[in-house]
Every structure is written in C-alpha cells, then in structure tokens.
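Chemist: Make a model of this:
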Amino acid sequence: MLALKKIDVNGGRGLAEFELLARQLIQRWKEDPNATYQSWFLWDERIKNFRSIRRGLAQVVAEIEAGRFGVAYRGSSLETVVHSVAEQRQIFKGADHAFLWKPKLRIPDIYENPANQRAFGRLLDHCACCDTAEEIIAGIHTIDRLNIKGLGPAVANLLYFLHPTLVPPFNTAIVNGYNKLTGGKVKLGSWQHFLAMRSGVLDLNERFRDLLSNDLGAIGGLLFDIGSGRYPVPPRDEEDQSVGSWAARLEQARAEAQTLNKALQKQGESDRTHSEIQAWLRDIGRALGYDIWIASNDRGRLHDGVRLGDGCLESLPASISTSIGADAIRLIDVLWLERGGDRVAAAFEVEHSTSIYSGIVRMLDLALSGSELHATAGLFLVAPDARESEVRAQLARPAFSRIADLEIAYLPYGELERHREAISRFGSGLKAIKAISRALP
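Modeler: Below is the predicted model of the structure:
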C-alpha cells in the first residue's frame, strides 16, 4: 500500500513509463534554482549545522539524565536545537510546532511527566550512539510502545540530523508528496506509518539513486516540493491526467521558477552578503599580517568573481587539524592565524539571518580544543546591526550558560563597513577590531 504501485494492469500505463516520467520530473526539479535541491540540499549552511544540532541533542540528553531539563519547552535546550532545525530553510519551517506545549491537550507529554521525558532522552541517546537502521528502528519501537501523547514522528526530524542516510525528514508536505507520488496512504502522527513510509522512501531512493543521493535529505526535498504543490506528479494510469497535460504543468512549473519570489530573493541576498563579509574579514586580516583560513566548505564560493579561498591557507596547522573538534573548527567562517605559526589570533562567525547556535558551537570547539595556542583567540560574532538585541537574548538562554567564559564579542556589519579601510591601512593586531566590537552577553 505504501510503496510504488505497479501500473500496467488492464492496459494501464506501465511501471517503466511511469519511472521514465518520474526521472524527467526529478531532473527538472534538480535544475530549478528555487527548488529545495539547490536552495536547501546543496546549501553550504545545511552541512555546517549538522554538528551543532548533534551537539545540541547531546546537551538535551545530558540535561534530562541529570534532572536539569526542567518542565517547559520555552527556554530549554530542546527549544534551542529545534529552533536551529526550523531555520534550515523552507523544508523544516515549522519544525518546532510539534514540540510546543499545548496546555489544553497536555501534549507533548515530555515536560510534566518525568518518566516520559527520560524515555525521550533515552531515544535520542540510543539513536546518537547506534550505527544501524535496525538499532534505530528498535529505538522507535520502544518509544512507540510507551504511547507518549503528542510525541510522534516529528522526532524523525531530529533523528535525520543524527543519521541522514538512514532516517528521512518528516512533515505534512513530505507525507503529502509521498502519497501523491506513490499512491500510498501514510498518515501523520503514527510511528508505524512513518516506518512504512521510510521503507518506501528507501525503495524510491534506490530506484532513482543516480539522480538523488545517499543523504535522504535529497528525496525528502523532492517529496516536500511535490507535497507543497510546486511540482505535479506523473500520471499513474490512464484514468489520471494525460501525459501531455502533465508535461504542460511541469513546463509551467519550470517557467514559474524563472521568477524568484521575495523569500527566495532574500535567501540569495543573505548568501551573497555572507560571502561579502567573509571577503572583508579576509582582506582586513591579510592587511594586518595574518594568515587566513576560510571555512572549508566556503573556499570555492565567489565574491566579485574571486574565490574566497584564493591566497588563503590550503590546510590548517597540525595542532588544529588533529585537535578535539577539528571538524567543526574547519567550518568557522574566518580564522586569523599568526603568520607562519599555529596560534589562532581571531575567529569570526558571520550570522546574517540564521541561528547563532551553530556558530557558537564551532567557537566553543575552538576554545576547548585542548591547546593553549587557541585559548586566547579573539572570538567575534559578526552580524547585522539590527540583530544585536536578538543575539543578546539568545545568549541569555540557559543552553548558552558557558558562553560567558569565552568572552565573545559582537561585531556589527555597520561598524565593520565604516572602519574596515582604516583598520587595513593603519591597524595593528586586534586592537582596532576589538574597539569597534561590543562585549557579549
């Protein structure tokens, strides 16, 4: 019921023809710059956020185990990490709805019920530690048997960031897209239906693997765009719309993709601004005599036709590349290192419009990397002037209680833009950068 149906019965169209049309759909979808494949799946920040979300889930588990999680979603470590998931562009928009406390229904029942809360923590811990699909499914069956009110497959969105090749993302649009494409009847809110859909998603992904990815985010994005009504599914039998009608609708979707809507325009502007700020920091650092490291997944991005990584370090010194948290440190937006040495003088995270959580975690990894060479580095959150109050409010959360020890500073875009040329010409060391920054929290 929940997998692709064979459609060659009674003179029907046939599975082979359906798959051919589905391939055409996937190819068109991948080419659309505004579809989730290019706007989210290939988005650099998606990969950068995996580690921070995983670390956030580990903090949730630790607080539950220690009895420090509390009895409310607001202000909890869970809210912090789910908020970070929800900011993963359109596919995860609204991911926090399932975790918001509904007082009249008393769901999800993991805040006021300590036993349920601990069971939720054990599920996250179990899935973080296991390596196989069988172990993950066993953990899901365990939580399902407890019948915790309101704690359903929305948790799969957290599990996806732990095991992106084993657990697909899950929301209403994805379920609708799966049902449209396969003729299935998956329902929301049921772990059993989620597991059945997961099996079907894996079958689909295997069938079209050459067009998709081992990472189930790709097929999740496809199902999301289908379920959102952006792309029409191929007709499954002769009673459906004709192939010609479907092809016309697909071409219409392609034509519509040529006009960016305001939200997607804003996303594109955010990416360009992010690269621009990285380029400013790169050039200032060079002028001050530092070696520069650009985040490993940003090195090839262009600003004014020049790769961000041109003229910068090709690899990090061994003291950093072999340290604790090295994988996260490589993703810090900009590092200034002492010329020819291995001491980090300054680290910059550019937070244009996304959650500050990921950047903070990467700086924490640098500060706690186990080397005195990095312990005195200047740490800067670089963000629009208007985000200062938001950043301060975020850092006041209990989840960020250790951040005060890092002495992170807030560096507004406006101050950086006004003074960057003067700093480059007349500056020395970090004195000028610190002068235009503001202490946090």
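
Chemist: can you give me the helices for the stretch 301-441 of the chain?
Modeler: Remark: helices assigned in the stretch 301-441 of the chain by DSSP state H, counting those that start in this stretch are 318-321, 326-329, 357-367, 372-375, 388-395, 413-426, 431-435.

Chemist: Take those helices and write them to JSON lines, including mean neighbour count and distance to residue 292.
Modeler: Any C-beta I mention is one placed from the backbone N, CA and C, and that applies to glycine too. Converted to JSON lines, the helices of the stretch 301-441 of the chain look like this (neighbours: other Cβ atoms under 10 Å; distance: least, Cβ to Cβ, whole Å):
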{"stretch": "helix 318-321", "mean neighbour count": "16", "distance to residue 292": "14"}
{"stretch": "helix 326-329", "mean neighbour count": "18", "distance to residue 292": "14"}
{"stretch": "helix 357-367", "mean neighbour count": "24", "distance to residue 292": "15"}
{"stretch": "helix 372-375", "mean neighbour count": "16", "distance to residue 292": "16"}
{"stretch": "helix 388-395", "mean neighbour count": "15", "distance to residue 292": "24"}
{"stretch": "helix 413-426", "mean neighbour count": "15", "distance to residue 292": "13"}
{"stretch": "helix 431-435", "mean neighbour count": "16", "distance to residue 292": "14"}
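
Chemist: what stretches of the protein score poorly on pLDDT?
Modeler: Residue ranges of the chain with pLDDT under 70: 1-15, 237-244, 246-247, 249-272, 353-355, 369-376, 398-399, 401-405, 441.

Chemist: Which stretches in the stretch 51-200 of the chain count as helices?
Modeler: 77-86, 114-129, 133-145, 156-162, 172-182, 191-207.

Chemist: a markdown table for the ones you listed, including distance to residue 102 and mean neighbour count?
Modeler: As requested, the helices of the stretch 51-200 of the chain are exported to a markdown table (distance: least, Cβ to Cβ, whole Å; neighbours: other Cβ atoms under 10 Å):
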| stretch | distance to residue 102 | mean neighbour count |
| --- | --- | --- |
| helix 77-86 | 15 | 23 |
| helix 114-129 | 15 | 18 |
| helix 133-145 | 19 | 16 |
| helix 156-162 | 18 | 23 |
| helix 172-182 | 17 | 21 |
| helix 191-207 | 19 | 19 |
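
Chemist: Can I get those in JSON lines including distance to residue 106?
Modeler: Shown next, in JSON lines, are the helices of the stretch 51-200 of the chain (distance: least, Cβ to Cβ, whole Å):
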{"stretch": "helix 77-86", "distance to residue 106": "17"}
{"stretch": "helix 114-129", "distance to residue 106": "11"}
{"stretch": "helix 133-145", "distance to residue 106": "18"}
{"stretch": "helix 156-162", "distance to residue 106": "21"}
{"stretch": "helix 172-182", "distance to residue 106": "22"}
{"stretch": "helix 191-207", "distance to residue 106": "20"}
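
Chemist: for those helices, which one sits closest to residue 323?
Modeler: helix 114-129 (22.0 Å; Cβ to Cβ).

Chemist: re earlier: closest to residue 409 out of the helices of the stretch 51-200 of the chain?
Modeler: Using Cβ to Cβ, the helices of the stretch 51-200 of the chain put helix 77-86 closest to residue 409, at 21.1 Å.

Chemist: Against which helices or strands is that closest one packed?
Modeler: helix 44-65, helix 156-162, helix 357-367 (3 or more Cβ pairs under 8 Å, 6 or more residues apart in numbering; DSSP states H and E).

Chemist: tilt between it and helix 44-65?
Modeler: Angle, helix 77-86 to helix 44-65, by axes from the mean of the first three to the mean of the last three Cα atoms, to 10 degrees: 160 degrees.

Chemist: Give me the contacts around helix 77-86.
Modeler: 49, 52-53, 56-57, 59-60, 63, 69, 73, 92-96, 99, 157-158, 161, 355, 357-358, 397-400 (Cβ atoms under 8 Å, 6 or more residues apart in numbering).

Chemist: what do you get for stretch 54-69?
Modeler: Contacts to stretch 54-69, defined as Cβ under 8 Å, 6+ apart, come from residues 70, 76-78, 80-81, 84, 117-118, 120-121, 124-125, 128, 158, 161-162, 357, 361, 399.

Chemist: how near is the most centrally placed residue in the chain to residue 71?
Modeler: For the chain, the residue sitting closest to the mean C-alpha position, by Cα atoms, centre = their mean, is residue 46 at 3.7 Å. Shown here: residue 46 relative to residue 71, a distance of 33 Å by Cβ to Cβ, to the nearest Å.

Chemist: Adding distance to residue 182, write the helices and strands packed on helix 77-86 out as a markdown table.
Modeler: As requested, these are exported to a markdown table (distance: least, Cβ to Cβ, whole Å):
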| stretch | distance to residue 182 |
| --- | --- |
| helix 44-65 | 26 |
| helix 156-162 | 18 |
| helix 357-367 | 34 |
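
Chemist: Quick one: closest of the helices of the stretch 301-441 of the chain to residue 140.
Modeler: helix 357-367 (26.0 Å).

Chemist: quick one on the thing from earlier: determine which of the helices of the stretch 51-200 of the chain approaches residue 245 most closely.
Modeler: Among those, the nearest to residue 245 by Cβ to Cβ is helix 172-182 (15.6 Å).

Chemist: Check which helices and strands that closest one is in contact with.
Modeler: helix 191-207, helix 217-227.

Chemist: mind giving me a markdown table with these and columns for distance to residue 303?
Modeler: A markdown table is the format used below for the helices and strands packed on helix 172-182 (distance: least, Cβ to Cβ, whole Å):
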| stretch | distance to residue 303 |
| --- | --- |
| helix 191-207 | 35 |
| helix 217-227 | 27 |
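
Chemist: Out of these, flag the one nearest residue 342.
Modeler: Comparing these under Cβ to Cβ, the one sitting nearest is helix 217-227, at 35.3 Å.

Chemist: Would you pull up how far the closest one lies from the middle of the chain?
Modeler: Helix 217-227 has its C-alpha centroid displaced from the chain centroid by 15 Å (Cα atoms, centre = their mean, to the nearest Å).
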